[in-house]
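Q: Fold the following, please.
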Amino acid sequence: KVKADRAQLTIALKDLDFAVLNSQANFVLATPPSGNAAFLQAALKQQGILVRYFDQPGLADKLRITVGTAAQNRLLIETLKPLI
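A: A predicted model of the protein is given here:
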């Protein structure tokens, strides 16, 4: 189930022009089209959606997004649309 949900999440993020690294884990590492991962992490947090952001070289432009349920992943994507 996680593999299928991860694949769907990856497709949805790529449709929003995110660059998504290949993953075999329960999360994806995605670079927003703007590269401003810190802004997106803060904006999502304000709406009750938690993703991880690391202010470190090589990661500062990326979000670590845990694969959720299909409904949680859809909510994330719908919430991201007006933010990017």
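Q: Tell me which residues touch the residue nearest in space to the middle of the chain, please.
A: By CA atoms, centre = their mean, the chain has its centre lying nearest to Ile65, at 4.5 Å. Neighbour list for Ile65: Leu9, Leu13, Phe27, Val28, Leu29, Ala30, Val51, Arg52, Leu76 [criterion: CB atoms under 8 Å, 6 or more residues apart in numbering]. The C-beta positions use only the backbone N, C-alpha and C, and glycine is treated the same way.
Q: Buried ones from the residues you listed, can you make that a PyMOL selection?
A: This is how PyMOL selects the buried members of the contacts of Ile65, with burial counted by 16 or more other CB atoms under 10 Å:
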select buried, resi 9+13+27+28+29+30+51+76
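Q: from what I can see Ser23 touches Ala7, true?
A: No: using CB atoms under 8 Å, Ser23 is not in contact with Ala7; the gap is 9.7 Å.
Q: List phi and psi for Val20.
A: Here is the backbone geometry of Val20 (degrees, to the nearest 10): phi -120, psi 120.
Q: thinking again about what came up before, who has more neighbours out of Ser23 and Ala7?
A: Between Ser23 and Ala7, counted using other CB atoms under 10 Å, the more crowded position is Ser23 (18 against 13).
Q: For the more buried one, which non-adjacent residue is closest in space?
A: Arg6 (6.3 Å; CB to CB, 6 or more residues apart in numbering).
Q: helices or strands up against the helix or strand hosting that neighbour?
A: Using DSSP states H and E, Arg6 maps to helix 2-15. Other helices and strands packing on helix 2-15, by 3 or more CB pairs under 8 Å, 6 or more residues apart in numbering; DSSP states H and E, are strand 19-20, strand 27-31, helix 70-80.
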